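> whatever this is, show me its structure:
(one chain, ligands or ions: 2)
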Amino acid sequence: MSVIVLAGTIGAGKSSLTALLANHLGSQAFYESVEENEVLPLFYQDPEQYAFLLQIYFLNKRFAKIKKAMQEDNNVLDRSIYEDSLLFHLNADLGRANDIEVRVYDELLNNMMEELPHAAHKKHPDLLVHIKVSFTTMLKRIQKRGRPYEQLDYDPTLYEYYQELNKRYDTWFANYNHSPKIQIDGDRSNFVESPQAAQEVLAIIDKKLKEIRH
Ligand SMILES: Nc1ncnc2c1ncn2[C@@H]1O[C@H](COP(=O)(O)OP(=O)(O)O)[C@@H](O)[C@H]1O
Ligand SMILES: Nc1nc2c(ncn2[C@H]2C[C@H](O)[C@@H](COP(=O)(O)O)O2)c(=O)[nH]1
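Ligands and ions are numbered 1, 2, ... in the order given. Next comes the predicted model:
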């Protein structure tokens, strides 16, 4: 069984392209747990208090979604489990998790990653699609989507948080080697409002999937 997974910073366009791609492939989209996530708003209110709990929440939900997504071919996952550690360690580096929490998280993540092949028939996705956006675009997209607790006027310190996150994604993608990968320029391709841009992105993904599977 194979899945395609979307990766990218906050507001990059993962959920939007997940929907487009799943519709194009006639498969199921598995979105990140956000709207029903009771910890997320608490995290943005008090990151020091909730960074660890939020990460355990997301890790657990991601693992469950991978198991479900892997039950059929060509399903599409919104954000990869490989980004979980990036997000948690950014928060830990900002002092929002203590050494014990980091140790507990790292051990749990390692154990769960070892269980992936048994739980999901296959350890890795067929393809990871990274949407790269500039920091300026990231901020614009977060504002456009309009989640109150993500806005800079809610918490101006989110500027540095988002800036560091976007910077770390470049290194993360460069080092990612768990599966074939491609990168989409989210600054230039308006696959949300331009049907032509959407077709172009889907054609790029189709081409890569064909290469991988033949
Ligand atoms: N390529 C794009 N061009 C223009 N707007 C986009 C693009 N990708 C996403 N958006 C918009 O940016 C916001 C965030 O998109 P979303 O898919 O939720 O990103 P993510 O899931 O990566 O956080 C939404 O309002 C969406 O309509
Ligand atoms: N601290 C963490 N926050 C996370 C994680 N995964 C998502 N998120 C946050 C970021 C956004 O506010 C929201 C949705 O993410 P998008 O990238 O889809 O905008 O949830 C995580 O693992 N840790």
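
> residues touching the spatially most central residue of the chain, list them.
Centroid check for the chain by C-alpha atoms, centre = their mean gives residue 79 as the closest residue, at 2.4 Å. Going by C-beta atoms under 8 Å, 6 or more residues apart in numbering, residue 79 touches 5-8, 14, 32, 62. C-betas here are computed from N, CA, C, even on glycine.

> which of the residues you listed lies closest to residue 158?
residue 8 (17.3 Å; C-beta to C-beta).

> quick check: bridge partners of the residue nearest to the closest one when sequence neighbours are not counted?
Counting by C-beta to C-beta, 6 or more residues apart in numbering, residue 8 lies nearest to residue 131, which is 3.9 Å off, once chain neighbours are set aside. Applying DSSP bridges to residue 131 gives these bridge partners: residue 184.

> one step back: how much space between the residue nearest to the centre of the chain and residue 5?
7 Å (C-beta to C-beta, to the nearest Å).

> over to residue 16?
Counting by C-beta to C-beta - residue 16 and residue 5 are separated by 15 Å.

> quick one: which of these two has more around it?
More crowded of residue 16 and residue 5, by other C-beta atoms under 10 Å: residue 5, with 29 against 19.

> does the helix or strand containing that one reach ligand 2?
Under the criterion of DSSP states H and E, residue 5 resides in strand 3-7. No. Using C-beta under 6 Å from any ligand atom, strand 3-7 stays clear of ligand 2, with a minimum separation of 9.2 Å.

> against which helices or strands is that strand packed?
In terms of contacts (3 or more C-beta pairs under 8 Å, 6 or more residues apart in numbering; DSSP states H and E), strand 3-7 is packed against helix 14-25, strand 75-78, strand 127-132.
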